[in-house]
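> task: produce atomic coordinates for the following.
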Amino acid sequence: MSSPQLDERSSNQRKHESRNPIQRALIDNFHAKAVELIQRAQPSTILELGCGEGYVLSALADAGVEAELTGVELNARAVRVATERLGERATIEHRDARELAADGRRFDMVMMLEVLEHIPDPEQMLPILDQLSNGWLLLSVPWEPAFRGLNLMRGKNVTRLGNDPDHINHWSRRSFSRFINSRFDIISMPQVFPWTMALARSR
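Here you go, the predicted structure:
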């Protein structure tokens, strides 16, 4: 008898490739809101920090967002998957955001979606985001405690009270607003359950 095949997909891949209709609807709404805010800002160049396997950039390209798309990611396997997924529709780089900022590169919009909750010192990213952006930022994190509550309702991470093991920062909408406002001006903060998303501008 052959052993079951090991699922080598990341948690991000499993989330985006889920066949659960509710999860699919939530992710589709997340992508739609991101596109809506990007269309409002009309950037010519977009950088996604921590682009993972390229699902968001692919959604932007599929939606007809007319901007030069670039993604950077630290995980080499995710970079390979994103490069295969996007082909010539985006440039994917295996780099650290700090290196990019040190090179003096700037983009009309910098996105950091579902990444800040994983970083031990998220405040360190604010000046880097400012350095990389010509003005616009699009940021998102899980909306707590709604995100954990949704996990509990579907029986996920029950022993951790619904908290994902790799989430080390937790923001409510109000606390995430304060976090962003410490450096940037929030232009829009739409409801994107169970996430908090914000379109912001550099001061």
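
> for the longest helix anywhere in the chain, buried residues please.
Using DSSP state H, we find that the single longest helix of the chain is helix 21-41. Neighbour-count burial for helix 21-41 flags 23, 26, 27, 30, 31, 33, 34, 35, 37, 38, 41 (criterion: 16 or more other C-beta atoms under 10 Å). Bear in mind the C-beta positions are built from the backbone N, C-alpha and C, glycine included.

> so who does residue 145 touch?
Applying C-beta atoms under 8 Å, 6 or more residues apart in numbering to residue 145 gives the contacts 170, 172.

> with adjacent residues omitted, what lies nearest to the one residue sitting closest to the centre of the chain?
By C-alpha atoms, centre = their mean, the chain has its centre lying nearest to residue 113, at 1.7 Å. Excluding the flanking residues, the one nearest residue 113 by C-beta to C-beta, 6 or more residues apart in numbering is residue 140, at 4.6 Å.

> the helices in this protein, which residues?
Assigned by DSSP H, the chain shows helices spanning 11-16, 21-41, 55-62, 76-86, 97-102, 125-132, 146-153, 173-181.

> out of those, which is the most enclosed?
Each of these was assessed for mean neighbour count using mean count of other C-beta atoms under 10 Å. The highest is helix 55-62, with a mean of 21.

> orientation of that helix relative to helix 76-86 in degrees?
10 degrees (axes from the mean of the first three to the mean of the last three C-alpha atoms, to 10 degrees).

> could you list the residues in contact with helix 55-62?
12, 16, 31, 34-35, 38, 46, 48, 51, 67, 69, 71, 82, 85-86, 89-90, 111, 113.
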